[in-house]
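1. give me a 3D structure for the following:
(one chain, ligands or ions: 1)
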Amino acid sequence: TLLQPQTKPRQPVLATALPGPKTAEIMQRDAAELSTSYMRPYPFVPDHGEGVWLTDPDGNTMLDFFAGIAVSTTGYAHPHVVDAVTAQMKKFAHVCLTDYPQEITTRLAERLVKHIEKPGEKWRVFFGNSGAEAVEAAIKLARNHTGRSHIISTLGSFHGRTYGAITLTGSKTKYKAGFGPLLPNVTHIPYPNPFRPPLGSTPEACGDAVLAYLETLFKTVIPPSEVAAFIIEPMQGEGGYIVPPAGFLTKLRQMADRYGFLLIYDEVQAGTGRTGKMFSFQQFTAQGEDCQPDIVTLAKGIASGLPLSAMLAKESVMTWAAGSHGSTFGGNPVAAAAAHATLDLLEGVVKHPGCGDSLMHNAAEVGSYILAELKKMQAEFAFLGDVRGEGLFIGIEFVKPDGSPDGKLRDAASMAMFERGLLNLDCGESVIRVSPPLILTREDAQTGLEIMRAALHSLS
Ligand code: PMP
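-> Now for the predicted structure:
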């Protein structure tokens, strides 16, 4: 199937000063009523969207380079997703999956495991509603299956805001301050960040250094026989869009086998096609690495914005008793319909005009174009310390002349991009992430890059 061509590439429309009057009024009401979760430094209120463009109630149209935090895989109001969701709504919106199987969800599980199963290795799926819920399921399953309690996680990681998930989260203390006590028996070790190698190591050796550190912990403070699992983002998201060195995940896999703990990949942000593969760890297996996990968590981009998450596990690991874990809304059929439509586009069963064979291919191609262009900008602007990533999972790190992170300059750059009509999002200490919808065409990417370049020029 080939969908109708989309609206031609456009430029942002800045109809009013930002924020316009309607936007300002909504922001004021929002501040009076909602909990204080709103964190963005700049004023934007979405009114409607189309493709990679979002329009506010004052008629300002912005190009979207953040996709609702790596969620809006197919952009806004994608006709194939809208049709699928509408059709399911007309059938039924909910009949609890803990009580009755639903073919649309069964078929979604069948479809998801196809992306990870290897010959002789069957996988199963648990559906939830959010990334945190998938992570909670993974913690419970790992403990239940191994009969062990300790979990190893990484510094800089983000796994969600529920109790188990914030305990595993290794980034900002504000996520934990005042909320304790948290889960016992969780230890964080450094993430192998080649740009800022931990433990006094080098870009190439930082993976080995991290694993050697873990070995030391196993010899001194954590009996490995008590370790249920190691959870890691195969490419770290909130921590700064970081790609670990080649070989690291394979050695981690070997260590997991040696000590009998499970390997959990949190693919909530980097998964569902964003890097150009269904799962980001498959970037490494595609290079011949052997780093298959035992459990994977997925959420964000899987249903193009409808709340859905999945915890996938090897059948040999998914051994908890029937009914011991569940969720009223998990695997909701309307969200499942959106996920099928999203997978249709990701896999190329349905083709999106201007995006080649599939959205996964498009992410790889447009992503490598953006990365190459950003590398050129890096040569131009001394304060761009690093640009890195895979597909449409790209981080731009801002540095001071001494190479240390420059969060202030990053914030100024983010604002300068916003003022020119580009929605963008920070991460890590001094990074802007490029995580647009995967339907981004090369033309729209070019528009975004031009805005970025103008914004960076305005800083220097
Ligand atoms: N894991 C990762 C890797 C994430 O990036 C996030 C969200 N940023 C989560 C888990 C939590 O997802 P949610 O907000 O849907 O609970």
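
2. ok, and for the longest helix along the chain, which residues are buried?
-> Across the chain, the longest stretch assigned as helix under DSSP state H is helix 359-380. Within helix 359-380, the residues scored as buried using 16 or more other CB atoms under 10 Å are 359-368, 370-371, 373-374, 377-378. For glycine as for every other residue, the C-beta is placed from the backbone atoms N, C-alpha and C.

3. just the closest of those residues to Lys172, please.
-> Of all those, Lys172 sits closest to Leu374, with 25.9 Å by CB to CB.

4. from the ligand, how far off is the closest one?
-> Going from Leu374 to the ligand by CB to the nearest ligand atom, to the nearest Å gives 22 Å.

5. check Tyr265 too.
-> Here Tyr265 is placed at a distance of 10 Å from the ligand (CB to the nearest ligand atom).

6. so that residue: helix, strand or coil?
-> Following DSSP: H, G, I helix; E, B strand; the rest coil, the label given to Tyr265 is strand.

7. quick check, pLDDT for it.
-> Listed pLDDT for Tyr265 reads 99.

8. same check on Ser35?
-> For Ser35, the predicted pLDDT is 75.

9. so which residues of the stretch 251-400 of the chain form helices?
-> Under the criterion DSSP state H, counting those that start in this stretch, the stretch 251-400 of the chain contains helices at 282-285, 333-347, 359-380.

10. what packs against the last one?
-> If I follow you right, that is helix 359-380. helix 333-347, strand 384-390, strand 393-398, helix 442-459 (3 or more CB pairs under 8 Å, 6 or more residues apart in numbering; DSSP states H and E).

11. and the average pLDDT for it is what?
-> Rounded mean pLDDT across helix 359-380 is 98.

12. so who does Lys314 touch?
-> 121-124, 294-295 (CB atoms under 8 Å, 6 or more residues apart in numbering).

13. hmm, back to that, adding mean pLDDT and mean neighbour count, write the helices and strands packed on helix 359-380 out as CSV.
-> Output for these, formatted as CSV (pLDDT from 0 to 100; neighbours: other CB atoms under 10 Å):
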stretch, mean pLDDT, mean neighbour count
helix 333-347, 98, 25
strand 384-390, 98, 22
strand 393-398, 98, 26
helix 442-459, 97, 18
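
14. of all these, which one comes closest to the ligand?
-> strand 393-398 (11.1 Å; CB to the nearest ligand atom).

15. please see if the closest one touches the ligand.
-> No. Applying CB under 6 Å from any ligand atom, one finds strand 393-398 separated from the ligand by no less than 11.1 Å.

16. quick check: angle from that strand to strand 384-390?
-> Interaxial angle, strand 393-398 versus strand 384-390 (axes from the mean of the first three to the mean of the last three CA atoms, to 10 degrees): 170 degrees.

17. CA-only coordinates of strand 393-398 in PDB, if you can.
-> The C-alpha trace of strand 393-398 is given here as PDB (Å, rounded to 0.1, in the frame of the first residue of the first chain):
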ATOM      1  CA  PHE A 393      18.700   8.900  17.800                       C
ATOM      2  CA  ILE A 394      21.300  11.700  17.800                       C
ATOM      3  CA  GLY A 395      23.000  13.700  20.500                       C
ATOM      4  CA  ILE A 396      24.800  17.000  20.200                       C
ATOM      5  CA  GLU A 397      27.000  17.800  23.200                       C
ATOM      6  CA  PHE A 398      27.900  21.400  24.100                       C
END
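
18. by neighbour count, which of the contacts of Lys314 wins?
-> Ile295 (27 neighbours; other CB atoms under 10 Å).

19. distance of that residue from Ala256?
-> Counting by CB to CB, to the nearest Å, the gap from Ile295 to Ala256 is 11 Å.

20. now the common contact residues for those two.
-> The contact lists of Ile295 and Ala256 share 262-263, where a contact means CB under 8 Å, 6+ apart.

21. residues in contact with stretch 326-334?
-> So stretch 326-334 is contacted by 85, 88-89, 91-98, 102, 104-105, 108, 126-129, 133, 306-309 (CB under 8 Å, 6+ apart).

22. narrow these to those that are buried.
-> Here, 16+ other CB under 10 Å leaves 85, 88, 97, 102, 104-105, 108, 126-129, 133, 306-309 buried among the contacts of stretch 326-334.

23. of those, which belong to strands?
-> Among these, the residues falling in strands (DSSP state E) are 126-128, 309.

24. quick one, strands of the stretch 101-250 of the chain?
-> 123-128, 150-154, 186-189, 227-232 (DSSP state E, counting those that start in this stretch).

25. next, the angle from the first one to helix 333-347.
-> Between the axes of strand 123-128 and helix 333-347, defined by the same axes, to 10 degrees, the angle is 130 degrees.

26. so which elements touch strand 123-128?
-> Counting by 3+ CB pairs under 8 Å, 6+ apart, strand 123-128 packs on helix 103-113, helix 131-146, strand 309-314.

27. do you know which of these lies nearest Asp402?
-> Closest among the helices and strands packed on strand 123-128, using CB to CB: helix 131-146, at 35.6 Å.

28. now do the closest one against strand 309-314, angle only.
-> Going by the same axes, to 10 degrees, helix 131-146 makes 20 degrees with strand 309-314.

29. is it true that Ser441 touches Cys355?
-> Actually, residue 441 is Thr. It isn't Ser. Yes. The pair Thr441 and Cys355 passes the contact test of CB atoms under 8 Å, sitting 6.7 Å apart.

30. what touches both of those two?
-> Joint contacts of Thr441 and Cys355 (CB under 8 Å, 6+ apart) are Asn362.

31. more crowded one of the two?
-> Cys355 (24 against 20).

32. with the ligand as the reference, measure out to the more buried one.
-> 24 Å.

33. tell me the contacts of the closest residue in space to that residue that isn't next to it in sequence?
-> Nearest residue to Cys355, sequence neighbours excluded (CB to CB, 6 or more residues apart in numbering): Asn362, at 3.9 Å. Neighbouring residues of Asn362 by CB under 8 Å, 6+ apart: 352, 355-356, 438-441.
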